[in-house]
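Colleague: Sequence first, predicted model second:
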Amino acid sequence: MKANEGSALRAVSQIKIESSLHPVWRAFVRYCLEMRHGEIEKLKIQDGLPVLAELTKKKVKFTP
């Protein structure tokens, strides 16, 4: 897949996400997209919505 095809796919996916999810889930998904690589531990969910990630780590890759 070419780079611009990937960005177009992400844009379409983002539109679908934004139109169908609760604003709190959209914020969480946006955070995950921005993080790109990483790990979230102990995600707290209340009433079906994410409310808190107690510990967030970001991994740094040194390979291309």
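Modeller: Structure's in. What do you need?

Colleague: What segments of this structure are helices?
Modeller: Secondary structure of the chain by DSSP state H: the helices cover 3-20, 23-35.

Colleague: Report the mean confidence score over the first one.
Modeller: In this model, helix 3-20 has an average pLDDT of 66.

Colleague: what does the last one give?
Modeller: For helix 23-35, mean pLDDT rounds to 86.

Colleague: What helices and strands are in contact with it?
Modeller: On a contact count with 3 or more C-beta pairs under 8 Å, 6 or more residues apart in numbering; DSSP states H and E, helix 23-35 meets helix 3-20, strand 49-57. Using the backbone N, CA and C atoms, a C-beta is placed for each residue, glycine as well.

Colleague: For residue 60, give its distance to residue 48.
Modeller: 33 Å (C-beta to C-beta, to the nearest Å).

Colleague: again with residue 24
Modeller: From residue 24 to residue 48 the distance is 9 Å (C-beta to C-beta).

Colleague: Of the two, give the one with the bigger neighbour count.
Modeller: residue 24 (15 against 8; other C-beta atoms under 10 Å).

Colleague: How about that one, nearest residue that isn't a chain neighbour?
Modeller: residue 49 (4.5 Å; C-beta to C-beta, 6 or more residues apart in numbering).

Colleague: Show me what that neighbour is bridged to.
Modeller: Bridge pairing for residue 49 (DSSP bridges) gives the partners residue 46.
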